[in-house]
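S.K.: When you get a sec, could you give me coordinates for this:
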Amino acid sequence: MRKLTTISVAACAISTGAVAEMTEIGLNAYSISAADFDGNTISLNVVDMYMLSDDTSDVMLNIYNMTLPAAAQITYYQSITGAGWAPNNLGGPFDTEATRIGDSFVSIGGVDFDNPEQTPGAGAGTALDPNFGGSNADYPSDLAGWFNSNPPTQNGQVGETPLGLGVFVGRFSSTQALDASNFVGTTLEATWNQGLGTPGQQSQFSVIPAPGSLALLAMAGLVGTRRRH
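M.R.: Take a look at the predicted model:
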């Protein structure tokens with residue numbers, strides 16, 4: 001059972017000067033109840049993270065140098081059969097509701113745009129950088145990163161998500177109190193291109209509170225686009 005409670009969307013961005021670019025971080029917060037492998041029903045607060053775009057040609061390649069603020073450095077929920085931050089749904093009897101909609105994981109796309117469930121094979125090819133802290137970390141370590149290890153799949157292709165044009169990059173679920181405000185102060189960098197053989201572009205992003213508003217702004221950093229090798 002999924003109960004939508006809040007949606008926090010990046011409302012503006014500072015352009016990096018690129019013609020087509022990822023513009024901001026989108027955060028979608030809601031609450032769910034889901035059955036795990038042992039039959040127990042878990043109540044969870046969930047924040048889905050997206051990178052939003054202004055061009056349908058954009059393809060996300062990686063997230064790197066992500067640092068969460070203290071409020072988001074908590075022990076995130078891992079389902080019994082979907083343990084680990086890399087996408088992990090083994091299918092068959094292990095394909096539980098909790099693994100699909102409740103498990104915490106990161107991905108470079110590879111999930112359904114309208115309903116980003118961790119189905120068997122979803123997010124295939126997503127790998128963690130050494131800075132992540134390991135797949136069994138309580139939360140991503142400072143300067144964490146993840147990437148599509150098989151770029152020809154173009155799993156990071158943007159599409160129409162619940163927050164607009166963009167791509168899913170992570171789910172953060174907890175039995176504790178959790179919403180988009182926990183992520184104020186998050187910083188990360190991202191690399192994307194417009195498909196195979198096109199040059200990579202990069203920018204820095206951060207989540208900040210909008211003055212006089214409960215909305216969150218995720219603003220692109222004032223850096224020029226550059227290629228990452």
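S.K.: can you list contacts of stretch 79-87?
M.R.: Applying CB atoms under 8 Å, 6 or more residues apart in numbering, the contact partners of stretch 79-87 are 36-38, 78, 88-90, 94-96, 98-99, 102-107, 110, 118, 122-124, 126-128, 132, 135-137, 140, 146. Placement of C-beta: from N, CA and C, glycine included.
S.K.: Which parts of this protein are helices?
M.R.: In the chain, helices defined by DSSP state H lie at 97-101, listed in chain order.
S.K.: pLDDT-wise, which helix or strand of it ranks last?
M.R.: Ranking every helix and strand in the chain by mean pLDDT, DSSP states H and E puts strand 2-8 at the bottom, with a mean of 39.
S.K.: ok, back up a step: now the contacts of stretch 79-87: which count as buried?
M.R.: Among the contacts of stretch 79-87, those classed as buried by 16 or more other CB atoms under 10 Å are 36-37, 78, 88-89, 95-96, 98-99, 102-107, 110, 118, 122-123, 126-128, 132, 140, 146.
S.K.: So the closest residue to Asn28 other than its chain neighbours versus Phe37, what's the distance?
M.R.: Leaving aside its chain neighbours, Asn28 sits nearest to Asp48 (4.4 Å; criterion: CB to CB, 6 or more residues apart in numbering). Separation of Asp48 from Phe37 (CB to CB, to the nearest Å): 22 Å.
S.K.: Same question for Tyr76.
M.R.: Counting by CB to CB, the gap from Tyr76 to Phe37 is 18 Å.
S.K.: ok, now Ile80?
M.R.: Ile80 sits 4 Å away from Phe37, going by CB to CB.
S.K.: if I look at those two, which residues touch both of them?
M.R.: In contact with both Ile80 and Phe37: Thr96, Ala98, using CB under 8 Å, 6+ apart.
S.K.: Give me the mean pLDDT for stretch 129-142.
M.R.: Mean per-residue pLDDT for stretch 129-142: 98.
S.K.: what's the answer for stretch 163-173, then?
M.R.: In this model, stretch 163-173 has an average pLDDT of 98.
S.K.: Off-centre distance for that stretch?
M.R.: Its chain's average C-alpha position is 5 Å from that of stretch 163-173, according to CA atoms, centre = their mean, to the nearest Å.
S.K.: which residues of the chain score low on pLDDT?
M.R.: By pLDDT under 70, the weakly predicted segments of the chain are 1-20, 210-229.
S.K.: Val167 touches Gly156, doesn't it?
M.R.: Yes. Using CB atoms under 8 Å, Val167 makes contact with Gly156 at a distance of 5.5 Å.
S.K.: would you put the C-alpha positions of stretch 42-51 in CSV?
M.R.: C-alpha atoms of stretch 42-51 as CSV (Å, rounded to 0.1, in the frame of the first residue of the first chain):
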residue,chain,number,x,y,z
ILE,A,42,6.8,-2.6,7.3
SER,A,43,5.7,1.0,7.5
LEU,A,44,8.2,3.2,5.8
ASN,A,45,8.9,6.8,5.0
VAL,A,46,10.5,7.1,1.5
VAL,A,47,12.3,9.8,-0.4
ASP,A,48,13.0,9.1,-4.1
MET,A,49,15.7,11.2,-5.7
TYR,A,50,15.7,12.2,-9.4
MET,A,51,17.9,14.3,-11.6
